[in-house]
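*Asks:* return a 3D structure for these sequence lines:
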Amino acid sequence: MLSQGTTASINTRNWHLPWKRTQVSGKSDHHPKNNTTPLYRGNVRSRIFHRPGCRYFNCTDCAIEFHSREDALEAGYIPCSKCSP
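*Replies:* Next comes the predicted model:
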């Protein structure tokens, strides 16, 4: 627990993440290490992921892309209850 006015830092250098950050169409997107078309997009605020065709797939906060359901789940995202990815 930190007291008010104190700061902390976390070293993430050795963390494994299934995507890498790139800049696409004016917003920050995340793409997996392979360069195939993403199958899912995750909402960075709600931490819910969607499949193409879902009405929420292109939402403003859907700025992270995954190539597999497993990658989305490993990153801590939960499936959309509407499109059931």
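*Asks:* CA atoms for contacts and neighbours, from now on please.
*Replies:* Will do.
*Asks:* quick one: contacts for the closest residue to Tyr77 other than its chain neighbours?
*Replies:* Computed as C-alpha to C-alpha, 6 or more residues apart in numbering, the closest residue to Tyr77 that is not its neighbour in sequence is Arg47, at 4.8 Å. By C-alpha atoms under 8 Å, 6 or more residues apart in numbering, the contact set of Arg47 is 76-78.
*Asks:* buried ones among those?
*Replies:* Buried by 16 or more other C-alpha atoms under 10 Å: 77-78, out of the contacts of Arg47.
*Asks:* about what we covered before: and the residue nearest to Tyr77, how far is that from Pro38?
*Replies:* Per C-alpha to C-alpha, to the nearest Å, Arg47 is found 17 Å from Pro38.
*Asks:* now do Tyr77
*Replies:* Between Tyr77 and Pro38 the computed distance is 15 Å (C-alpha to C-alpha).
*Asks:* which residues of this structure score low on pLDDT?
*Replies:* The model of the chain has pLDDT under 70 over residues 1-36.
*Asks:* in it, which spans are helices?
*Replies:* All helices of the chain, identified by DSSP state H, fall at 69-74.
*Asks:* in strands, which of the contacts of Arg47 appear?
*Replies:* Within the contacts of Arg47, membership in strands is found for Ile78, as judged by DSSP state E.
*Asks:* tabulate the contacts of Arg47 (CSV), appending distance to His67.
*Replies:* CSV is the format used below for the contacts of Arg47 (distance: C-alpha to C-alpha, whole Å):
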residue, distance to His67
Gly76, 15
Tyr77, 13
Ile78, 15
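*Asks:* so Cys80 sits against Phe49, correct?
*Replies:* Yes. Cys80 is in contact with Phe49 according to C-alpha atoms under 8 Å; the separation is 5.7 Å.
*Asks:* the more surrounded of these two?
*Replies:* Between Cys80 and Phe49, counted using other C-alpha atoms under 10 Å, Phe49 has the larger neighbour count: 29 against 18.
*Asks:* beta-bridge partners for that one, please?
*Replies:* Beta-bridge partners recorded for Phe49 (DSSP bridges): Gly42, Pro79.
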